[in-house]
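[1] structure for this input, please:
(chains A and B)
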2 protein chains.
Amino acid sequence: MSHFDPALFKNNPSRELAFSVLDAALDAADPVKAVKRHVQFDGSMLRTGDRTYDLAQHEHLYVVGGGKAGAAMASAVEDILGDRITAGVINVKYGYTNPTRYIEINEAGHPIPDEAGVNGARRMLDLARAAGARDLVLCLISGGGSALMTAPAAGVTLADMQQLTEALLRSGATINEINAIRKHLSQIKGGHLAHLAYPATVVSLILSDVVGSPLDVIASGPTVPDGATFADARAIIARYGIAGDIPASITAHLARAEVETPKAGDPVFERVQNQIIAGNDIAAQAALEQACFLGFNSMILSTYVEGEAREVAKVFAAVAREILVCQRPLRRPACLIAGGETTVTLHGAGRGGRNQEMALAAAPRLDGLGEDVMVIALATDGTDGPTDAAGGIADGTTLTRARAAGLDLWAHLANNDSYHFLQRLGDLIVTGPTNTNVNDLIFVFVL
Amino acid sequence: MSHFDPALFKNNPSRELAFSVLDAALDAADPVKAVKRHVQFDGSMLRTGDRTYDLAQHEHLYVVGGGKAGAAMASAVEDILGDRITAGVINVKYGYTNPTRYIEINEAGHPIPDEAGVNGARRMLDLARAAGARDLVLCLISGGGSALMTAPAAGVTLADMQQLTEALLRSGATINEINAIRKHLSQIKGGHLAHLAYPATVVSLILSDVVGSPLDVIASGPTVPDGATFADARAIIARYGIAGDIPASITAHLARAEVETPKAGDPVFERVQNQIIAGNDIAAQAALEQACFLGFNSMILSTYVEGEAREVAKVFAAVAREILVCQRPLRRPACLIAGGETTVTLHGAGRGGRNQEMALAAAPRLDGLGEDVMVIALATDGTDGPTDAAGGIADGTTLTRARAAGLDLWAHLANNDSYHFLQRLGDLIVTGPTNTNVNDLIFVFVL
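    Got it, this is the predicted structure:
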């Protein structure tokens, strides 16, 4: 079952081949498939990744977590573990739910946390606190988990947290600095959840939406050692001179430093398994395998690609040309894969997204190279920018077809209007929501 | 003999290793070495590239051409052919000369052509016209050759050409369109020189400063078939509605269409050998060979890299991180090579160039990866932007060293002041003028 509309590759077998590679990537990112690939249960032994747990030795099995893929992950876990699940609470974004039997799906605010989210998070904490040495806590983490699993420290309100965040953003603090402080104001983040569940066994299944998949950053690392301390948090506030802009409740909490976040080496983590079950890297690998299977000479260039979309596009177009002209770095038929997340600096008022704009900007640099030379950019969540498209295709005929259709590529690029340009040419990729997010993928195909 | 100041890699053996790869690239681009590598003469047989000419069968040997590397190329040709040379004229930029014995070095205006250049070009045309079936015309072409080998069609003045160029630039015509017209107003460009020399044998030794080394673009292709016609030239002027802005002499010449530029398939070109003796591709290949020799796992990613320097830098930093973390697309020790020419959109008033800015922008994305992870960008002519530096180095310690030195990387980047930042850290690459130009090279090293 392809994720893509067959109209996209009507009369174009090269595209059809290319999109079977994209399909493999999206399959690998699918939360249900990802859970089922990484978790097996034979009625007594539970295998997750490279570890095995004898559930006969475990009394209760609790499921907690949060993120936009939470409901899909919960359903997959129910399919696998069924009535072996004692209880569970998962926070998901409003509307991102589906029916479950053993795990409560709790809808909550995202990206701005709300009381519904806090209530759900408190119930998760209750489960974690109840878990003992003979229990297992299964934690399901996906993109959006940081906002969705909000449980401020005692005495701190959501409004306080909001005020802090605004002060930090204004101050010029880095995202790492902001997260270091947040982890010290949460009952979940920065390893607190694992700490609370101790001495229970904790297995975190993580669907990563962060470039490079750093465990301590995804959903602010509820089951991961924290590198920063309360002293660090206070130093950051002092460094940016924002002590006066911060609610008294927060200043008081940071001064008390009651429960330090658990650090690397803490025995808590001897009972924790953090397992990334899907991420950009895994999706790129799946694409690579499918490309190799189809006979493409294939390569993953990088899964850390960032930068302004229209400039990054030029580098990928340059690689496409190199493959065509010089048979480097791959011989034809070639498939080069990259991942990451680019950005768009808006200059115009058109409609588009970073992946669509990348296709638009690559097109003139592929001009004349034929339809078998393609640069394809895809948002794996199916939502590229504020559009209903997932990305776009550029090939060596785009510019010619645009001219024939009376479309001015440069004008659309200047107006950030990649959506309408690609739509008119039939080069817009539409998948609908994929219920997952492992960032973006970029493909260079030279058949 | 290294092109680089040993101070650059004092106490840093990784850098020393890396720069021996850069040295190999600059050696391959050196005009004297390039001529001697591609041209051999044993007293009777002249070998150029894959062809051999029996000079015993040739009466006269004329040398013509132009470009910034012209004097060095002429000296190398004199070393090889000595008194076998009948006569020669080479146009070079003012100051770019050196002593020669058989070939006249004529200094002329660049980038704005002047009468000295036109006079030299006329003498080249005289030699080409004089050459017969038993003669050989050796043509030495390098960067700047288009401006330096200016010979307007009869009745057209330099001032007329200047007026035309300004009108075309204002009109939004593409560089290809501008060149199509220029070739039809020249007695040299667009294959005219080869046409004039016919039936003599013509050997063009070409040092390419154009990304992708398209023969018809380098110095406007004096010995290369032209794809455009007089009718195309007139159509371009009509398309942009600039007929009224163009000197009458030019309008008249384009209407007469007396001598069409020679086209592919013209018997003229059966007697022409166009041999690229140095270019970005050849320099990148030489770097690759040296890197392999040193034991690096090596790859040329593309020789067509263009785009905004600070954004392109992010892609190369992403590749460096991928190599370090995932051993992809190369295992360590790794050397990834790319070529092309990036651009800088100026926002500040600092000093720098596209290669220095690329190093500056790469640095924060390598932060913490150590000094064995490097992104190095180099202008092969030794002149990066309006500076006396050739490029810069970023490594995984740049940001830390900058902080220790009280240097604000982001402020320097915002001010386009890469030069002073890199200079303070000892990461500025200075070679002095290299007397060649094969665009830029970008290196990712992960030791």
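[2] buried stuff in the lowest-mean-pLDDT helix or strand in chain A?
    Among the helical and strand segments of chain A, the one scoring lowest on mean pLDDT, DSSP states H and E is helix A:175-183, with a mean of 87. Neighbour counts using 16 or more other Cβ atoms under 10 Å in any protein chain shown place A:177, A:178, A:179, A:180, A:181, A:182, A:183 of helix A:175-183 among the buried residues. C-beta here means a position set from N, CA and C on the backbone, and glycine is covered the same way.
[3] stretch A:250-257 too?
    Buried-residue list, stretch A:250-257, by 16+ other Cβ under 10 Å: A:250, A:253, A:254.
[4] before we move on, what about stretch A:294-311?
    A:296-311.
[5] from the opening residue of it to its closing one, how far?
    One end of stretch A:294-311 to the other measures 30 Å (Cα to Cα, to the nearest Å).
[6] residues contacting stretch A:20-27, please?
    A:2-4, A:33, A:283-284, A:286-287, A:289-291, A:294, A:296, A:335, A:337, A:376, A:378, A:380, A:431, A:434, A:436, A:441, A:443, A:445 (Cβ atoms under 8 Å, 6 or more residues apart in numbering or on different chains).
[7] what's the mean pLDDT across that stretch?
    Stretch A:20-27 shows an average pLDDT of 97 in the prediction.
[8] got a list of contacts for stretch A:153-170?
    Contact with stretch A:153-170 is made by A:112-115, A:118, A:150, A:152, A:177-178, A:181-182, A:184-187, A:240, A:242, A:245-247, A:249-250, A:252-253, as judged by Cβ under 8 Å, 6+ apart.
[9] mind giving me the ChimeraX select for the contacts of stretch A:20-27, buried ones only?
    To isolate the buried members of these in ChimeraX, using 16+ other Cβ under 10 Å:
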select /A:3,4,33,283,284,286,287,290,291,296,335,337,376,378,380,431,434,436,441,443,445
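[10] where exactly do the strands run in the stretch 51-200 of chain A?
    Counting by DSSP state E, counting those that start in this stretch, the stretch 51-200 of chain A has strands at residues A:51-54, A:61-66, A:87-93, A:104-108, A:136-141.
[11] residues from chain A in reach of chain B?
    Taking Cβ under 8 Å from any Cβ of the partner chain as the test, the list of chain A residues beside chain B reads A:212, A:281, A:299-308, A:311-312, A:314-315, A:317-319, A:321-322, A:325-326, A:328-329, A:338, A:340, A:365.
[12] just the ones of those in helices?
    A:281, A:311-312, A:314-315, A:317-319, A:321-322, A:325-326, A:365 (DSSP state H).
[13] can you give me the helices in the stretch 51-200 of chain A?
    A:70-81, A:115-130, A:145-148, A:158-171, A:175-183, A:192-197 (DSSP state H, counting those that start in this stretch).
[14] of all those, which one comes closest to residue A:107?
    helix A:115-130 (6.5 Å; Cβ to Cβ).
[15] now mean pLDDT and mean neighbour count too, for the strands of the stretch 51-200 of chain A, in TSV please.
    Formatted as TSV, the strands of the stretch 51-200 of chain A follow (pLDDT from 0 to 100; neighbours: other Cβ atoms under 10 Å in any protein chain shown):
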stretch	mean pLDDT	mean neighbour count
strand A:51-54	96	12
strand A:61-66	97	29
strand A:87-93	96	26
strand A:104-108	96	20
strand A:136-141	98	28
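[16] could you dump those to JSON lines with distance to residue A:360?
    Listed next are those as JSON lines, based on distance: least, Cβ to Cβ, whole Å:
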{"stretch": "strand A:51-54", "distance to residue A:360": "46"}
{"stretch": "strand A:61-66", "distance to residue A:360": "36"}
{"stretch": "strand A:87-93", "distance to residue A:360": "30"}
{"stretch": "strand A:104-108", "distance to residue A:360": "36"}
{"stretch": "strand A:136-141", "distance to residue A:360": "34"}
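[17] can you list the weak-confidence ranges in chain A?
    Across chain A, the stretches falling below the confidence threshold (pLDDT under 70) are A:257-258.
[18] can you spell out the domain ranges of it, please?
    Using automatic domain parsing, the domain parsing of chain A gives A:6-28+A:281-446, A:31-151+A:186-226+A:261-278.
[19] let's have those domains in CSV, adding distance to residue B:411.
    CSV is the format used below for the domains of chain A (distance: least, Cβ to Cβ, whole Å):
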stretch, distance to residue B:411
domain A:6-28+A:281-446, 20
domain A:31-151+A:186-226+A:261-278, 25
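[20] quick one, strands of the stretch 301-447 of chain A?
    Here the stretch 301-447 of chain A has its strands, by DSSP E, counting those that start in this stretch, at A:334-340, A:370-379, A:391-396, A:428-429, A:440-446.
[21] which helices and strands does the second one pack with?
    The contact analysis (3 or more Cβ pairs under 8 Å, 6 or more residues apart in numbering or on different chains; DSSP states H and E) places strand A:370-379 against helix A:13-29, helix A:309-326, helix A:354-366, strand A:391-396, strand A:440-446.
[22] among those, which comes closest to residue B:67?
    Taking Cβ to Cβ, helix A:309-326 is the member of those nearest to residue B:67, at 23.9 Å.
[23] just list whatever residues bridge to the residue nearest to residue A:444 when sequence neighbours are not counted.
    Of all residues not flanking residue A:444 in the chain, residue A:336 sits nearest, at 4.1 Å (Cβ to Cβ, 6 or more residues apart in numbering or on different chains). Beta-bridge pairing of residue A:336 under DSSP bridges involves residue A:299, residue A:444.
[24] contacting residues for residue A:336?
    The contact partners of residue A:336, taken as Cβ under 8 Å, 6+ apart, are A:298, A:299, A:300, A:301, A:316, A:319, A:323, A:329, A:330, A:443, A:444.
[25] my read: the first one touches residue A:335, true?
    Yes: using Cβ atoms under 8 Å, residue A:298 is in contact with residue A:335, at 4.6 Å.
[26] so what sits against both of these two?
    A:288, A:291.
[27] residue A:46: which of the strands of the stretch 301-447 of chain A is closest?
    Of all the strands of the stretch 301-447 of chain A, strand A:334-340 comes closest under Cβ to Cβ, at 30.2 Å.
[28] make JSON lines out of the buried residues of helix A:175-183 and add distance to residue B:54.
    Shown next, in JSON lines, are the buried residues of helix A:175-183 (distance: Cβ to Cβ, whole Å):
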{"residue": "A:177", "distance to residue B:54": "75"}
{"residue": "A:178", "distance to residue B:54": "76"}
{"residue": "A:179", "distance to residue B:54": "75"}
{"residue": "A:180", "distance to residue B:54": "77"}
{"residue": "A:181", "distance to residue B:54": "81"}
{"residue": "A:182", "distance to residue B:54": "80"}
{"residue": "A:183", "distance to residue B:54": "80"}
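[29] these: which two are farthest apart?
    A:177 and A:183 (11.1 Å).
[30] hang on, the earlier thing: contact partners of the least confident helix or strand of chain A?
    With contact meaning Cβ under 8 Å, 6+ apart, helix A:175-183 is reached by A:161, A:164-165, A:168-169, A:189-192, A:217, A:220-221, A:226-228, A:232-233, A:236-237, A:254, A:261.
[31] filter these down to just the buried residues.
    Buried, going by 16+ other Cβ under 10 Å: A:161, A:164, A:168, A:189-192, A:217, A:220-221, A:226, A:228, A:232-233, A:236-237, A:254, A:261, out of the contacts of helix A:175-183.
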